[in-house]
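Here is a sequence with its predicted model. Questions after.
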Amino acid sequence: MSSTLIGVGVGPGDPELVTVKGVNALRAADVVVVPVMDTGERGRAEATVLHYVPEEKVVRVVFALNERTDRGRREAAWDAAGERVAQLLAQHDAVAFATIGDPNVYSTFTYLAQTVGELVPGTVVETVPGITAMQDLAARSGAVLTEGTEPLTLVPVTAGSAVLKDALAGPGTVVAYKFGRQAAEVAEALRETGRLEDAVWGSALGLSEESIRPAAELDGEPLPYLSTLIAPARRDGVRGGKL
């Protein structure tokens, strides 16, 4: 019988935001793989998982998550991680991979599943959705993501500030991920498009070092890499005005 690889979204950091289905999947799996940086420190996914499963059930697998320039080194880490998970699938019926946020939204699980599928043909791949950083930030800050017919645009700022500016120039709410190292460029884009006043940013959501602030307070200093920004749609204040 084929083994199953399950990508489980464990949310942005607060253990209470893991879904019941996610907790059940983690506990039902034979082993739970968590991604760690090659520097070895415990990441958000691992810290969250350890609230629900014993440490001896957790397998740490290195991803070069802090590698942004050396593609060869990054892909070598993905290959090594895929081979390790393939070994685990040969020994177990069900292997869970815990990822922050959602496994289908900018997740390392995407690369892992592709590699494992090539190494172990016939592997069944499933995902359990997780709460995303933009949902958590919206809840904590009171920012409404969408109303009526408004579109919602999600932009990784690693794609470049021009992509963000194009999104901000359009209608609807814009969410920017991974903008911490380009905070100055993001603040400038918000000012140029007139979207600074209502925007809010947050980092380390649900953790002791959590920070949630108005974007107007951005001073150009770099922020944590996994910072999230919400620039709400322009609204006229009329209830249901965009229905």
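Here it is on my side, so go on.

In the chain, where is pLDDT below threshold?
Counting by pLDDT under 70, the chain contains low-confidence residues at 1, 64-69, 237-243.

Sketch out the strands for it, chain order is fine.
Secondary structure of the chain, counting by DSSP state E: strands at 4-9, 31-36, 58-62, 94-99, 124-128, 152-156, 173-177, 200-203, 211-214, 228-231.

With mean neighbour count and distance to residue 73 added, can I get the ones you listed in JSON lines?
C-beta here means a position set from N, CA and C on the backbone, and glycine is covered the same way. Formatted as JSON lines, the strands of the chain follow (neighbours: other CB atoms under 10 Å; distance: least, CB to CB, whole Å):
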{"stretch": "strand 4-9", "mean neighbour count": "25", "distance to residue 73": "24"}
{"stretch": "strand 31-36", "mean neighbour count": "23", "distance to residue 73": "15"}
{"stretch": "strand 58-62", "mean neighbour count": "16", "distance to residue 73": "11"}
{"stretch": "strand 94-99", "mean neighbour count": "26", "distance to residue 73": "21"}
{"stretch": "strand 124-128", "mean neighbour count": "17", "distance to residue 73": "26"}
{"stretch": "strand 152-156", "mean neighbour count": "16", "distance to residue 73": "20"}
{"stretch": "strand 173-177", "mean neighbour count": "26", "distance to residue 73": "23"}
{"stretch": "strand 200-203", "mean neighbour count": "24", "distance to residue 73": "26"}
{"stretch": "strand 211-214", "mean neighbour count": "14", "distance to residue 73": "30"}
{"stretch": "strand 228-231", "mean neighbour count": "27", "distance to residue 73": "27"}
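
Can you name the residues that contact residue 97?
For residue 97, the residues meeting the contact criterion (CB atoms under 8 Å, 6 or more residues apart in numbering) are 5-8, 32-35, 85, 103, 109, 112.

Now with 10 Å, please.
For residue 97, the set of contacting residues under the criterion of CB atoms under 10 Å, 6 or more residues apart in numbering consists of 5-8, 29, 31-35, 45, 59, 61, 81, 85, 88, 103, 107-109, 112-113, 116, 125, 127.

Quick check: it vs residue 62, distance?
Using CB to CB, to the nearest Å, one obtains 13 Å as the distance from residue 97 to residue 62.

Break the protein down into its domains, please.
With automatic domain parsing as the criterion, the domains of the chain are listed as 4-128, 133-231.

Skip the chain neighbours and tell me the closest residue to residue 51.
Nearest non-adjacent residue to residue 51, counting by CB to CB, 6 or more residues apart in numbering: residue 15, 4.1 Å away.

I'd like to know which elements the longest helix seen in the chain is packed against.
For the chain, the helix with the greatest residue count under DSSP state H is helix 71-91. For helix 71-91, the contact count by 3 or more CB pairs under 10 Å, 6 or more residues apart in numbering; DSSP states H and E identifies strand 4-9, strand 31-36, strand 58-62, strand 94-99, helix 108-119 as packing neighbours.

you'd agree residue 73 is up against residue 38?
Yes. Here residue 73 reaches residue 38: they are 8.9 Å apart, a contact under CB atoms under 10 Å.
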